[in-house]
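Peer 1: Provided below are the primary sequence and the corresponding predicted coordinates.
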Amino acid sequence: ALLRDRDRPLEGRTALVTSGPTHEPIDPVRYIANRSSGRQGHAIAAALARLGADVTLVSGPVTIPDPAGVTTVHVERAEEMRDAVLSRLPVDMAVMVAAVADWRVATSSDQKIKKQAGDAPAPLILTENPDILKTVGHHVKRPRVVVGFAAETQDIEENALRKLERKGADLIVANDVSPETGIMGGSRNRVKVLSPTGVEAWPDLTKDEVADRLARLIAERLAER
Ligand code: CTP
Ligand code: CA
């Protein structure tokens with residue numbers, strides 16, 4: 001058997017990570033997006049790289065810098081993120097952390113939409129975006145380890161368990177993103193990690209610590225068999 005360096009257990013392995021929000025244009029100056037700083041996803045990309053993995057990070061629009069030791073690809077929209085991810089398969093592991101906008105505007109305008117004095121605003125017609133995690137989790141080139149996140153404001157475990165099954169993931173990292181938790185945009189995170197065999201509640205940690213712990217867990221999973 002190949003002996004692996006204890007400090008770099010992911011040497012020779014490839015990883016794909018998504019992070020940040022996506023921006024779905026309404027017109028050239030307006031967009032629909034989820035709230036996401038990209039901090040947790042970027043931290044995970046960096047942590048996997050520190051363990052020796054060859055990491056590609058596909059990032060939506062964020063204000064934080066590209067992580068060190070990682071190849072970063074910048075995208076805007078969910079469809080661009082999907083294309084960037086699928087074009088890089090196969091990989092050994094995929095960690096989908098991006099807060100992908102669930103909907104895009106069905107027909108975005110090439111020109112800035114103008115207000116019409118006295119008129120009611122035109123309704124936005126939305127259409128569903130591709131589910132990148134679900135596509136990767138059921139792909140013929142499915143990575144050995146597929147990890148998703150579940151940002152919830154209620155019924156966290158139930159919702160996360162449903163996502164684990166529906167998306168074909170090995171692990172779902174669930175957190176409570178209710179505004180009063182301060183997790184959104186902050187530097188700390190408190191997560192539960194779900195797998196088909198059970199739930200582990202992790203203590204309140206920094207996003208970097210969550211990233212390190214998750215990277216170690218993924219390395220253990222890849223070492224199995
Ligand atoms: N995800 C994705 N592509 C999407 C939507 C979500 O890859 N279009 C991924 C996220 O990166 C995350 C996981 O799926 O890893 C869960 O995202 P979440 O928004 O919590 O789940 P949804 O399936 O979109 O369900 P909902 O927003 O209705 O809770
Ligand atoms: Ca969603």
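Peer 2: In hand now; what should we look at? Numbers count the residues shown, from 1 in each chain. Ligands and ions are numbered 1, 2, ... in the order given.
Peer 1: residues in contact with the most centrally placed residue in the chain?
Peer 2: Taking C-alpha atoms, centre = their mean, the centroid of the chain lies closest to V97, which sits 1.5 Å from it. By C-beta atoms under 8 Å, 6 or more residues apart in numbering, the contact list for V97 reads V17, T18, S19, Q40, G41, I44, F149. Any C-beta I mention is one placed from the backbone N, CA and C, and that applies to glycine too.
Peer 1: where does this protein have low pLDDT?
Peer 2: Applying pLDDT under 70 to the chain picks out residues 1-3.
Peer 1: Show me where it has its strands.
Peer 2: 14-19, 23-27, 30-33, 54-59, 71-74, 93-96, 103-105, 126-128, 145-152, 171-176, 188-189, 191-195, 198-201, 205-206 (DSSP state E).
Peer 1: Need the nearest residue in space to V75, chain neighbours excluded.
Peer 2: M81 (4.8 Å; C-beta to C-beta, 6 or more residues apart in numbering).
Peer 1: tell me which parts of the protein are close to ligand 1?
Peer 2: 18, 78, 96-98, 100, 102, 129-133, 148-151, 163 (C-beta under 6 Å from any ligand atom).
Peer 1: Could you report the distance from the residue nearest to V75 to I113?
Peer 2: Distance from M81 to I113, counting by C-beta to C-beta, to the nearest Å: 25 Å.
Peer 1: between those two, who's got more neighbours?
Peer 2: M81 (26 against 15; other C-beta atoms under 10 Å).
Peer 1: correct me, but that one touches T18?
Peer 2: Yes - under the criterion of C-beta atoms under 8 Å, M81 makes contact with T18 at 6.1 Å.
Peer 1: Mutual contacts of these two, please.
Peer 2: V58, G60, A98, V100, I132.
Peer 1: Skip the chain neighbours and tell me the closest residue to the residue nearest to the centre of the chain.
Peer 2: G41 (3.3 Å).
Peer 1: Report the contact partners of the one you found.
Peer 2: Counted by C-beta under 8 Å, 6+ apart, G41 has contacts V17, T18, S19, G20, L57, S59, V95, V97, A98.
Peer 1: Looking at the chain, which residue reaches furthest from the middle?
Peer 2: Relative to the C-alpha centroid of the chain, counting by C-alpha atoms, centre = their mean, G118 is the outermost residue, at 41.7 Å.
Peer 1: which helix is the longest one in the chain?
Peer 2: helix 207-223 (DSSP state H).
Peer 1: can you dump the C-alpha coordinates of that one into PDB?
Peer 2: Output of helix 207-223 as PDB, limited to C-alpha atoms (Å, rounded to 0.1, in the frame of the first residue of the first chain):
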ATOM      1  CA  LYS A 207     -14.600  29.000  10.100                       C
ATOM      2  CA  ASP A 208     -10.900  28.100   9.700                       C
ATOM      3  CA  GLU A 209     -11.300  25.400  12.400                       C
ATOM      4  CA  VAL A 210     -14.400  24.000  10.800                       C
ATOM      5  CA  ALA A 211     -12.500  23.900   7.500                       C
ATOM      6  CA  ASP A 212      -9.500  22.000   9.000                       C
ATOM      7  CA  ARG A 213     -11.700  19.500  10.700                       C
ATOM      8  CA  LEU A 214     -13.800  18.900   7.600                       C
ATOM      9  CA  ALA A 215     -10.600  18.500   5.500                       C
ATOM     10  CA  ARG A 216      -9.300  15.900   8.000                       C
ATOM     11  CA  LEU A 217     -12.700  14.100   7.900                       C
ATOM     12  CA  ILE A 218     -12.600  14.000   4.100                       C
ATOM     13  CA  ALA A 219      -9.100  12.700   4.100                       C
ATOM     14  CA  GLU A 220     -10.100   9.800   6.500                       C
ATOM     15  CA  ARG A 221     -13.000   9.000   4.200                       C
ATOM     16  CA  LEU A 222     -10.700   8.900   1.100                       C
ATOM     17  CA  ALA A 223      -8.300   6.600   3.000                       C
END
